[in-house]
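Sharing a model that was predicted from the sequence below.
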Amino acid sequence: MKTLVLFKNNLRINDNPVLYNGSKNNTILPVFILDEHNIKKKLGSASKYWLYNALKSLNQSLNNKMLFFRGETLSIVDELIKKYDINKVVFEETFIKDDMSLQKKMESFLKKTNIKYHSYNCTLLWEPYSVLKNDGTPYKVFTPFYKRGCLGGKEPELPLGRPKEIKYLEYDNNTNISDLNLVTGYKWYSKLDDQWDISEKKAFKIFTNFLNDGIFDYKKGRDYPSKNCNSKLSPYIRFGMISVNRLWYILNDLKFDKNIEHFKSEIGWREFSYYLLYHYPKMEYKNLQTKFDNFEWENSNEKFDSWKKGKTGFPIIDAGMRELWQTGFMHNRIRMVVASFLVKNLSIDWRLGEAWFWDCLLDADYASNIAGWQWVAGTGSDAAPYFRIFNPILQGEKFDSNGEYTLKYLPELKPIPLKLLQKPWENLEKINYPDPVIDYKLSREIALSKYSAIKTYTEK
DNA sequence: TGAAATGTTGGGGCG
DNA sequence: ACGCCCCAACATTTC
């Protein structure tokens, strides 16, 4: 059968159910469509950069047979079916609102044309609709979701490996990745080229290196940004360059270890994010706890700007924001600290922070980004309580006690004695570094009093 | 997957 | 030897 294989967010050969099943006994036409008609949330700049390189790498693995299109999915698929006399279409099962409605449109379209079609879950270990409480309603708290719902539920699908053989339709490929206009204009991203090796092969290599080293101090070490205990797999996972099923089963084969279990639970948090967005799609733009709709954000442009540029005058915050700008990545603990700072100390709506991360992070993931911000902002269902306000000075002293991370991104602070590194304003010697944009203590008090003003509204 | 305020305890210095 | 104060160090509670 002539099979159209649609790639979307799973840009890999190994354990890719769409490719594996699509190419079994079939000749295939591998296609990627960048659809900005059906999807409201356009990709951020960093994501486009990653996508461009991921597609390039995937295309190489597919003998440069991939076709690239930019436009409306249905009309492109329709044309391809006619042009190449396609009799089957396979594509990824989706779990995000806009993607799902596009998927539905496509399915009903294909139904009418009498073309065979099939979707495969390539993205999640547990489909969100398959994990529910005994009363049929969705979980709202991570631990029972993960322990009872996921671990106590059905086993995730076993990884499929690579297709034994891929046979392609005969055609001249007259499309090009550059047609997608993913990387154009000012080459801001050239700084990233020597920091990241964006290929499926590298994703697996990073994982095996992580298994040999960092993972054995993961539970504690993951909180320290200058340690190398984080996998840094997130952008690869985001674009499906390595499958979570494959990760899962490799981890399961290892000897039981609390660090490994912790890493698995972080994969669980990703599942939980998709799960929440699936069951509560309004989370994309609305506070899950509606009482926060009455919260009065200050939303000062100047403060927001200082945060984005890494010029707040709080070293751990600025180091994080500069790491983000320079590398397209930010250490997880620091993400929480800068997010808490934006929302609680600068009094800026989490949606603005979410948008900035969405644009700058190479691993920007629709569900994880939104769920993560609502978690920190205290507006989500199983969120950190609002009154949990990270103290940037203490967090810096605790998790970057030797200043290694801070100084890596803020070398101008080297003259400051280590004891004052996280509060350089107490240093008498003048250096070229911004004064703090806010008074920490005062901003905390204001945040708490604003919170107590809305807290009386009943939830839901 | 906090921080700050408040409370408790216990050891040392001292009259 | 005793009471008193001071203050870490730790525990609890409050935000």
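Structure received.

in what helix or strand does the nearest residue in space to A:E404 that is not next to it in sequence lie?
What sits nearest to A:E404 in space, not counting adjacent residues and going by C-beta to C-beta, 6 or more residues apart in numbering, is A:S226, at 3.9 Å. Yep, even glycine has a C-beta here, placed from its N, CA and C like the rest. Assigned by DSSP states H and E, A:S226 falls within no helix or strand.

mind checking how far A:S226 is from DNA strand C?
Separation of A:S226 from DNA strand C (C-beta to the nearest atom of the strand, to the nearest Å) stands at 25 Å.

Now do the contacts for that residue.
A:D400, A:N402, A:E404, A:Y405, A:K408 (C-beta atoms under 8 Å, 6 or more residues apart in numbering).

Centre of the chain to the helix or strand containing A:K408, how far?
Taking DSSP H and E as the criterion, A:K408 maps to helix A:404-409. In terms of C-alpha atoms, centre = their mean, to the nearest Å, the gap separating the centre of helix A:404-409 from the centre of its chain is 24 Å.

following it, which helix or strand comes up?
Counting by DSSP H and E, the element after helix A:404-409 in chain order, helix or strand, is helix A:440-454.

For that following helix, which residues meet the burial criterion?
The neighbour-count check on helix A:440-454 (16 or more other C-beta atoms under 10 Å) flags A:Y440, A:S443, A:R444, A:I446, A:A447, A:K450, A:Y451 as buried.

could I get those as CSV with distance to A:T327?
Putting those into CSV (distance: C-beta to C-beta, whole Å) gives the following:
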residue, distance to A:T327
A:Y440, 27
A:S443, 28
A:R444, 30
A:I446, 33
A:A447, 30
A:K450, 34
A:Y451, 34
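
Within reach of DNA strand B, which of these are there?
A:R444 (C-beta under 7 Å from any atom of the strand).

any idea which of the buried residues of helix A:440-454 is closest to A:L346?
A:S443 (7.4 Å; C-beta to C-beta).

wait, isn't the closest one in contact with A:I348?
No. The pair A:S443 and A:I348 does not pass the contact test of C-beta atoms under 8 Å, sitting 11.3 Å apart.

near DNA strand B, anything from the one helix or strand A:I370 maps to?
Secondary structure from DSSP H and E places A:I370 in helix A:366-377. No. No part of helix A:366-377 sits near DNA strand B under the criterion C-beta under 7 Å from any atom of the strand; the closest distance found is 7.6 Å.

again, but for stretch A:260-268
Yes. Counting by C-beta under 7 Å from any atom of the strand, DNA strand B has neighbours in stretch A:260-268: A:E266.

How about stretch A:346-358?
No. Residues of stretch A:346-358 contacting DNA strand B under C-beta under 7 Å from any atom of the strand: none, with a closest distance of 14.8 Å.

Going by neighbour count, list what's buried in the helix holding A:K408.
A:Y405, A:T406, A:L407, A:Y409.

what's the helix or strand for the closest residue to A:K423 other than its chain neighbours?
Sequence neighbours aside, A:I393 is the residue nearest to A:K423 in space, at 5.4 Å (criterion: C-beta to C-beta, 6+ apart). According to DSSP H and E, A:I393 maps onto helix A:392-399.

list the helices and strands that helix packs on?
helix A:315-327, helix A:332-340 (3 or more C-beta pairs under 8 Å, 6 or more residues apart in numbering; DSSP states H and E).

among those, which is nearest A:K154?
helix A:332-340 (28.9 Å).

rewinding a little: pLDDT for the buried residues of helix A:440-454 - can I get that in a markdown table?
Shown next, in a markdown table, are the buried residues of helix A:440-454 (pLDDT from 0 to 100):
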| residue | pLDDT |
| --- | --- |
| A:Y440 | 95 |
| A:S443 | 95 |
| A:R444 | 95 |
| A:I446 | 94 |
| A:A447 | 95 |
| A:K450 | 93 |
| A:Y451 | 93 |
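
quick check, nearest of the buried residues of helix A:440-454 to A:W358?
Closest to A:W358, out of all of these and judged by C-beta to C-beta, is A:A447, at 23.9 Å.

That closest one: what's it in contact with?
Neighbour list for A:A447: A:K344, A:N345, A:S347, A:Y386, A:I389 [criterion: C-beta under 8 Å, 6+ apart].

Going by neighbour count, which of those comes out on top?
A:N345 (28 neighbours; other C-beta atoms under 10 Å).

Contact partners for that residue?
Neighbours of A:N345 in contact, by C-beta under 8 Å, 6+ apart: A:I389, A:P392, A:I438, A:Y440, A:S443, A:R444, A:A447.

swap in A:L74?
A:K105, A:M106, A:F109.

Report the separation between it and A:K291.
Per C-beta to C-beta, to the nearest Å, A:L74 is found 41 Å from A:K291.

in stretch A:349-360, what counts as buried?
Applying 16+ other C-beta under 10 Å to stretch A:349-360 flags A:D349, A:W350, A:R351, A:L352, A:G353, A:E354, A:W356, A:F357, A:W358, A:D359, A:C360 as buried.
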